[in-house]
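J.: Show me the folded form of this:
(one chain, ligands or ions: 1)
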Amino acid sequence: MTEPTFATLVSRWYEENARDLPWRERGVSPWAILVSEVMLQQTPVVRVLPAWQAWLARWPDPAALAADTPAEAIRMWGRLGYPRRAVRLRECAVAIVERHGGQVPDRLDQLLALPGVGTYTARAVAAFAYGQRHPVVDTNVRRVVCRAVAGEPDAGPTTRPADLVAAEELLPVEPAAAALASAAFMELGAIVCTARAPRCGICPVESVCAWRASGQAAPTGPTRRPQRYAGTDRQVRGLLLGVLREAVSPVPRQRLDQVWSDDVQRSRALAGLVTDGLVEPVGEASYRLAGDGPPLPVG
Ligand code: SF4
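T.: Reported below is the predicted structural model:
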């Protein structure tokens with residue numbers, strides 16, 4: 001009898017141990033999966049869960065979101081962080097309506113051509129929504145493959161073409177099994193082969209893991225410093241957006257000036273929000289969320 005493959009071991013473990021997450025349920029639409037992937041990229045699962053449900057209750061398909069304003073997308077995004085994702089997700093919905101009749105495309109090249117959809121998201125949607133065989137490589141998968149196959153303690157900060165090749169080599173040939181394995185690799189990296197404290201004792205691939213076999217000690221500290229938030233431009237942007245999200249009419253600059261005392265930093269943060277398409281000036285001295293209200297005069 002042949003030994004089970006790496007993918008088989010991880011997939012079996014996944015079927016027994018995967019977290020019960022609503023975007024993994026049968027019958028979830030490709031749009032709902034796309035939304036979950038965008039939200040999950042920089043936000044923990046526990047914060048994404050209520051936001052994902054609320055988003056889909058309001059905009060159950062791309063056409064619904066495309067018909068609404070960027071401002072409403074930013075409002076609904078709430079405090080998930082990195083709110084440019086909300087604007088890009090709406091742009092993506094508009095493109096899906098215009099190019100694909102409102103249906104999330106299933107071809108990888110068409111997914112990759114959508115606004116805000118990168119290498120990871122396109123492959124995640126193709127695999128998890130359409131059951132296709134593509135390597136789906138995020139930080140967690142890179143770490144699992146790096147440790148188990150290459151025997152290195154951690155992967156680099158960004159996905160390289162070689163990472164896609166390494167992950168693809170582990171996938172079963174059959175598309176549905178490959179899609180399952182992709183989800184399983186991600187889950188293993190998220191809850192067992194974690195950056196700081198891999199739980200090798202309960203890992204389904206402990207017996208074949210190159211890093212474990214090397215006898216190296218588990219990492220003892222964070223591989224990356226947690227990002228500072230207090231005092232950063234991100235915090236100031238969040239405060240400014242918080243005021244604008246609550247407003248029902250353009251907000252005078254003097255009101256925004258109250259959120260942060262450092263003039264230089266506050267002005268820089270506000271200018272960044274305008275550049276990023278999240279906020280727009282109204283007249284000489286007021287601001288609003290992008291597209292919030294009647295169109296601005298041109299020129
Ligand atoms: S045995 Fe340990 S290091 Fe290897 S894949 Fe499993 S958790 Fe990660």
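J.: Quick check: buried residues in stretch 95-107?
T.: Ala95, Ile96, Val97, His100, Val104, Pro105 (16 or more other C-beta atoms under 10 Å). C-beta coordinates here come from the backbone N, C-alpha and C atoms, glycine included.
J.: pLDDT of it, averaged?
T.: Across stretch 95-107, pLDDT averages out at 98.
J.: same deal with stretch 63-76?
T.: Averaging pLDDT along stretch 63-76 gives 97.
J.: Quick one: residues in contact with it.
T.: Stretch 63-76 is contacted from outside by 51, 54-55, 58-59, 83, 86-87, 89-90, 93-94, 96-97, 102, 241, 245, 277-278, 288-293, using C-beta atoms under 8 Å, 6 or more residues apart in numbering.
J.: One more: stretch 93-113?
T.: Residues from elsewhere that reach stretch 93-113 (C-beta under 8 Å, 6+ apart): 29-31, 34, 59, 61-66, 114-115, 117-119, 121-123, 125-126, 129-130, 132, 134.
J.: Filter these down to just the buried residues.
T.: For the contacts of stretch 93-113, a neighbour count by 16+ other C-beta under 10 Å gives the buried set as 29-31, 34, 59, 61-63, 65-66, 114, 117, 119, 121-123, 125-126, 129-130, 132, 134.
J.: What sits closest to Leu34 if chain neighbours are left out?
T.: Beyond its immediate neighbours in the sequence, the residue positioned closest to Leu34 (C-beta to C-beta, 6 or more residues apart in numbering) is Val125, lying 5.2 Å away.
J.: SS state for that neighbour?
T.: What DSSP: H, G, I helix; E, B strand; the rest coil gives for Val125 is helix.
J.: how about the residue nearest the centre of the chain, what does it touch?
T.: With distances taken as C-alpha atoms, centre = their mean, Gln41 lies nearest the centre of the chain, 2.0 Å away. For Gln41, the contact set (C-beta under 8 Å, 6+ apart) comprises Arg85, Tyr120, Thr121, Asp138.
J.: Nearest to the ligand among these?
T.: Asp138 (15.2 Å; C-beta to the nearest ligand atom).
J.: who touches the closest one in this structure?
T.: Shown in contact with Asp138 (C-beta under 8 Å, 6+ apart): Gln41, Tyr120, Thr159, Met186, Gly189.
J.: for the ligand, what are the nearby residues on the stretch 101-250 of the chain?
T.: Applying C-beta under 6 Å from any ligand atom, one finds that the stretch 101-250 of the chain approaches the ligand through 144, 147-148, 192-193, 198-200, 203, 205-206, 209, 211-212.
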